[in-house]
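Undergrad: Got a predicted structure here, sequence first:
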Amino acid sequence: MVGTSGSGKSSLVRSGLIPSLQSGYMAGASSTWRMAVLRPGEDPIGHLAAALSPRHILGFDPGEESGDDATGFADTGRVLVEATLRRSAAGLVNAAKQARIPRDENVLVLVDQFEELFRFRRSHHAHSRDEAIAFVRLLLEASRQHDIPIYIVLTMRSDFIGDCMDFPGLAEGVNSGLYLVGRMSRDALRSAITGPVAVGGGTIAPRLVHRVLNDLGDDHDQLPLVQHALMRTWDHWERNHSRPGDSSPIDVDDYDAIGTFRNALSMHAEEAYQEAVENGGGRIAEHMFKALTDTFSDPRGVRRPTSVHELAAILEAHETDIVSVVEVFRRAGRSFLMPPPSVTLRPASIVDLSHESLMRCWTRLIAWAEEERASADFYVRLSRAASWFDEGSAGLWRNPELELAQQWKKDNQPTSAWAARYDETFERAMSFLAKSLSERDREDAARERERRLKLRRVQVAAGVLATFLVVAVSLAYVAIQENRRATTNLALARGAVDESLASADRNPALVALDPPEVEEFRRELLNKAQSFYSAFMSQDPTSETSRRDIAFAHFRMGHINRALEKPDEAVREYRDSLNRFQALRTDYPMNPDYRVALANAYNYLGLTLSPFPARAGEAERAYDSALELQLALVAEGTPSTPSTSSTPSTPGVDREQELARTHYNRGILRSRRDGGAALAEADFLAAIRLLEPLASGSDRASQELARAYNNLGSLLYDDAQRVGETQALWERAIAIDETLVIKEPRNREYKAELATFCNNLAALLHDRGQLAEADRRSREALDLIEVLARVAPSLAIARADAHSLRGMILQGQDGNGAEAEYEAALTLFEEMRNDQNLRRLPEFYLRFGDLLVNLAEFPGSRAEVARARALLARAASAYADMATRVAASGSRADAEIALDHLARVLPELPEAERSSLTAASQLLQRKLNEGAARR
């Protein structure tokens, strides 16, 4: 019997099939049945033996024989039955023969939750694969023979049907007797809701019946949630309407009070958890549920039944404490855990989730399961590294892996019993980690000793050099006075650019991380440097040195104009520097520095042109030229730091690193055009291959590797077949930036990029339904941005987008919370529309448009949706007003950016909001047409 999780497979067997068999409705079989019910769990053959060994299944029949001399195998214990099962593939048939079952009696073996066998087969238990195959053979052999009336029934989730191919004969056996659980009709669902209420002596309001049916919709695999929600609704109604003479029906108010079927289970489980916390069992509850769920061996998630004794070992807790917490969750009216309250818990008792729906719907358990998966994944990585180290094929761990491992051990406090579920070499893994930490401490101490020794040497040398310097300066002072003044002026201009820009290739959005007063000071310095360079470049020199200095002056003027947000002037200066560097390369072909400078100039030219869609072709040609030069330089093994380096980012940067940077810059450009995904992916992968070997020795290379991972993940995000790759890439980017932030907690750029990566991952997790982890990552990003924005108000775009993303994550769980986040985002965007510097950024229109789309798709109650539509109307009005201003007084480039993003948003909006924005779109198009006509 196959069906989706929650479709009612087990219920149909127990309340439909079994009663029908016992009533004699099966042709060719009597109405007398011996029924063995089991789940495979961690010991499928042992559980089958336990289900068969009771007297009323394959035991001794007192109707035929009695007294102390009763003989036969039917009265033997589980051990003998299990021995019979393990003897051969016909073990189940032989056990039935030995039980001497009367001819008019049948045996039914019901294997519930059969998919547990697939998880057991992939587990680390000794001989689990052979054990699973032997169990399937027992069932198949019993179903094929006709001497003994043995019937086999399996219940299995439909998403595991493909796993049957791993067992010889199982797929054919399933096909020969397959029953697919169908959907209940709307009338049948209505009867399932109203019938039990009538039997219980209550009445239910018709509007509540319609509400439940509409909430359920076509999602029939949520039937257990509806059942649970109706049970909770009944309890709420009984508590509030039990007064004599109160004939009020069960109504919508009762249903809403318990959270509706979407939230009722989570709220109810949360009540139980809070009770456990109050009783001091919060930690045990958390780790117990982590042990009972398995998303590591199978991402779809399966239950993992575990004995009380094993739970105590995993948690390093007393068995009595485990039992106390289990009792909280299996109390009458809760039944989140099995066995039922009537069964006394003993060390060997198996504890299990009552249904998979708890894994999918309890928000806290979703987060716990994800934490457990991540922890297990990290432990397996650690164990594998330890194995390779023992084999001599890999070394000890270093940072960042080592710092992550330390944090993992501190957060999870793993035990050997816990680890045995994933890899049994726990002691070896912990020994490897200890050796890695010891080696790191030894290297740190050696580096510190070397640093102090070098410092002492430098101090001695500095004293000697100072003496010679005084003499040399005295002798040369008069001769070089005039030349020194000119050189000082040039150095001051270079310093103004280097110190104020901090890094010539800094993204303008990252420059905005600095406080306003720092940004104002930077602009003042850049303007002064610009004035000096303008005068300096008016000269007409003939020497190589002077020509080189003027070429670099144009190059630096490109940087200055780019930092001052003057892209046209920057492009002109970069092109001028290219012409001059090309002439120098022609005149001095043996000097590789000019090819390095040419490659840098082409790269920055592409970077300046790439934000403008109409100039994408020019940008790509610039990147192509840079790559051609850089590939040749790398092949030749040109030194990393040219003596004529012109940009603060070049010294100390490996040629491979510069090549990687150009690859991912071109990849970003290609990813924006239709059909460019494959080429963009190739660029990002090339960058990653270049950066990965460099990252361990350079924080800058690590940062750029994180950016490359993030860019590739963004490219793959829309491919439904590669969602797992996207998540892995973003998690790697986050891990790198988390390490960088730990090393340099005052570095605002690292924190800003970490916030971006966390927001990206939060959006992906939201799409995958992992709402708790999405909420955690979204909150982490928002906290980082709020801290950064305290001294840099220009981070408003990032703040607004973080609020918008958080609203999207919350809208399916907390309508009021989502509305508050959207309100905060819109307020920030409304404030920003008056800042023309922000309006020039493509990111502004992109993120404002995302907010409009999120508001247009807001789900929830009628009142919540109405409030969201009011926010949408307000947002559309603000967007239209801003676009109209750009059309009236903005530049042609601004109009092009605004129109491009408006065209993306319009198809997603309702008609009312679309009409107001269409008028603004027409104004922008008219501005572009007029500009084209004038040109």
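TA: Structure's in. What do you need? Numbering: from 1, shown residues only.
Undergrad: domains in the protein, as residue ranges please.
TA: 2-176, 186-258, 481-652, 792-935 (automatic domain parsing).
Undergrad: Least confident of those, on average?
TA: If these are sorted by mean pLDDT, domain 481-652 sits at the bottom with a mean of 69.
Undergrad: my guess is residue 809 contacts residue 778, does it?
TA: Yes: here residue 809 reaches residue 778: they are 5.3 Å apart, a contact under CB atoms under 8 Å. Where you see a C-beta, it was placed from the backbone N, CA and C, and this is true even at glycine.
Undergrad: quick one: common contacting residues for those two?
TA: residue 762 (CB atoms under 8 Å, 6 or more residues apart in numbering).
Undergrad: element containing residue 253?
TA: helix 252-257 (DSSP states H and E).
Undergrad: Would you mind pulling up the elements that that helix packs against?
TA: Other helices and strands packing on helix 252-257, by 3 or more CB pairs under 8 Å, 6 or more residues apart in numbering; DSSP states H and E, are helix 206-216, helix 223-240.
Undergrad: how distant is the host helix or strand of residue 286 from the center of its chain?
TA: Following DSSP H and E, one finds residue 286 within helix 282-292. Mean C-alpha position of helix 282-292 versus that of the full chain (CA atoms, centre = their mean, to the nearest Å) differs by 23 Å.
Undergrad: Which other helices and strands does the next helix or strand after that helix contact?
TA: For helix 282-292, the following helix or strand on the C-terminal side (DSSP H and E) is strand 293-294. Helices and strands touching strand 293-294, by 3+ CB pairs under 8 Å, 6+ apart, are strand 302-303, helix 363-391.
Undergrad: Tabulate these in CSV, adding columns for mean neighbour count, distance to residue 143 and mean pLDDT.
TA: Output for those, formatted as CSV (neighbours: other CB atoms under 10 Å; distance: least, CB to CB, whole Å; pLDDT from 0 to 100):
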stretch, mean neighbour count, distance to residue 143, mean pLDDT
strand 302-303, 22, 24, 78
helix 363-391, 19, 35, 88
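Undergrad: one step back: who's in contact with the helix holding residue 253?
TA: So helix 252-257 is in contact with 205, 207, 208, 211, 212, 229, 233, 236, 237, 240, going by CB under 8 Å, 6+ apart.
Undergrad: picking that back up, report the buried residues of the helix holding residue 286.
TA: Across helix 282-292, burial judged by 16 or more other CB atoms under 10 Å covers 284, 285, 286, 287, 288, 289, 290, 291, 292.
Undergrad: any idea how far residue 333 is from residue 322?
TA: 21 Å (CB to CB, to the nearest Å).
Undergrad: Settle it for me: which of these two has more neighbours?
TA: residue 322 (27 against 9; other CB atoms under 10 Å).
Undergrad: from the contacts of helix 252-257, which single one is nearest residue 279?
TA: For those, the minimum distance to residue 279 (CB to CB) is 24.3 Å, reached by residue 236.
Undergrad: could you list every residue that touches that closest one?
TA: So residue 236 contacts 254, 257, 258 (CB under 8 Å, 6+ apart).
Undergrad: Please apply the same query to residue 278.
TA: If you count contacts by CB under 8 Å, 6+ apart, residue 278 has none.
Undergrad: before we move on, which element is residue 691 in?
TA: Taking DSSP H and E as the criterion, residue 691 maps to helix 677-695.
Undergrad: who does the next helix or strand after that helix touch, helix- and strand-wise?
TA: Beyond helix 677-695 on the C-terminal side, the first helix or strand identified by DSSP H and E is helix 699-716. Applying 3+ CB pairs under 8 Å, 6+ apart, one finds that helix 699-716 contacts helix 655-671, helix 677-695, helix 723-743, helix 748-767.
Undergrad: Need the ones you listed in JSON lines (columns: distance to residue 387 and mean neighbour count).
TA: What follows is those, written out as JSON lines (distance: least, CB to CB, whole Å; neighbours: other CB atoms under 10 Å):
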{"stretch": "helix 655-671", "distance to residue 387": "31", "mean neighbour count": "24"}
{"stretch": "helix 677-695", "distance to residue 387": "22", "mean neighbour count": "19"}
{"stretch": "helix 723-743", "distance to residue 387": "22", "mean neighbour count": "20"}
{"stretch": "helix 748-767", "distance to residue 387": "30", "mean neighbour count": "22"}
